[in-house]
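Chemist: how would this look folded up:
(chains A and B)
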Amino acid sequence: AQSVSQHNHHVILSEAASLELGCNYSYGGTVNLFWYVQYPGQHLQLLLKYFSGDPLVKGIKGFEAEFIKSKFSFNLRKPSVQWSDTAEYFCAVSGNTPLVFGKGTRLSVIA
Amino acid sequence: GAGVSQSPRYKVAKRGQDVALRCDPISGHVSLFWYQQALGQGPEFLTYFQNEAQLDKSGLPSDRFFAERPEGSVSTLKIQRTQQEDSAVYLCASSLAGSYEQYFGPGTRLTVT
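Modeler: Numbers count the residues shown, from 1 in each chain, chains lettered A, B, ... in the order given. Sure thing, here's the model as predicted:
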């Protein structure tokens, strides 16, 4: 069975700090990997996705993630966070169609 | 264009009542998914439709949960004899045929008292 582990439950950063959110998954086959974001009061939105090819994927709003197959990881990064990045971030994996989500990481960016 | 819509946005039910939650997917999206998101958790898969066919219902927690999509468009998730543990946000997502990219609706927050 697929599973996703997000290491941090709540991360607090100052504006302009760099961000890295950890995500590890377990699945034996070919996976599709996603990061979704949920801003306060809004619905889940796709931030970026990896299906194949270049393991470094770039998403919206300056976010990127790197797929490291040997580590079963898909960590999310951003060089410099903004207050508007305050949100809940979910890593998800799909080996077939239904998505399996991690428990999420709440990011709070303070001025 | 219009995204996935869900109604109602909020529902309060007394324990033992039946509820019906509606999902309108993006027009032309063949696949439709229901997820349950408990407080402080990530969404968990409930069931999946391709057109009107329910291809996977392995995530439905009990036989009190029932989903349908009779015409391959709008879907309804029904929960019979609601229990307190059913309190959660119920998310609907849709996608194009063969696509792994799912688009989510705003969810219905169900509170069972």
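Chemist: hey, what's B:Phe104 bridged with?
Modeler: When bridges are taken as DSSP bridges, the partners of B:Phe104 come out as B:Ala93.
Chemist: can you check A:Ser108 too?
Modeler: Here A:Ser108, judged by DSSP bridges, has bridge partners A:Ile12.
Chemist: tell me which parts of chain A are close to chain B?
Modeler: Near chain B, the residues belonging to chain A are A:4, A:32, A:36, A:42-46, A:49, A:51, A:90, A:92, A:94, A:97-104 when assessed by C-beta under 8 Å from any C-beta of the partner chain. Just so you know, the C-beta spots here come from the backbone N, C-alpha and C atoms, and that holds for glycine as well.
Chemist: Grab the nearest non-local neighbour of B:Ser7.
Modeler: For B:Ser7, ignoring the flanking residues on the chain, the nearest one in space by C-beta to C-beta, 6 or more residues apart in numbering or on different chains is B:Arg22 at 4.9 Å.
Chemist: That neighbour: neighbouring residues, count only.
Modeler: Around B:Arg22 sit 15 other residues, with neighbours defined as other C-beta atoms under 10 Å in any protein chain shown.
Chemist: And the nearest residue to B:Val4 once chain neighbours are set aside, what's its pLDDT?
Modeler: Once flanking residues are discounted, B:Val4 sits nearest to B:Gly105: 3.6 Å by C-beta to C-beta, 6+ apart. Reported pLDDT at B:Gly105 in the predicted model: 96.
Chemist: mind listing what B:Arg9 touches?
Modeler: The contact partners of B:Arg9, by C-beta atoms under 8 Å, 6 or more residues apart in numbering or on different chains, come to B:Pro106, B:Gly107, B:Thr108, B:Arg109.
Chemist: Perfect, that will be all.
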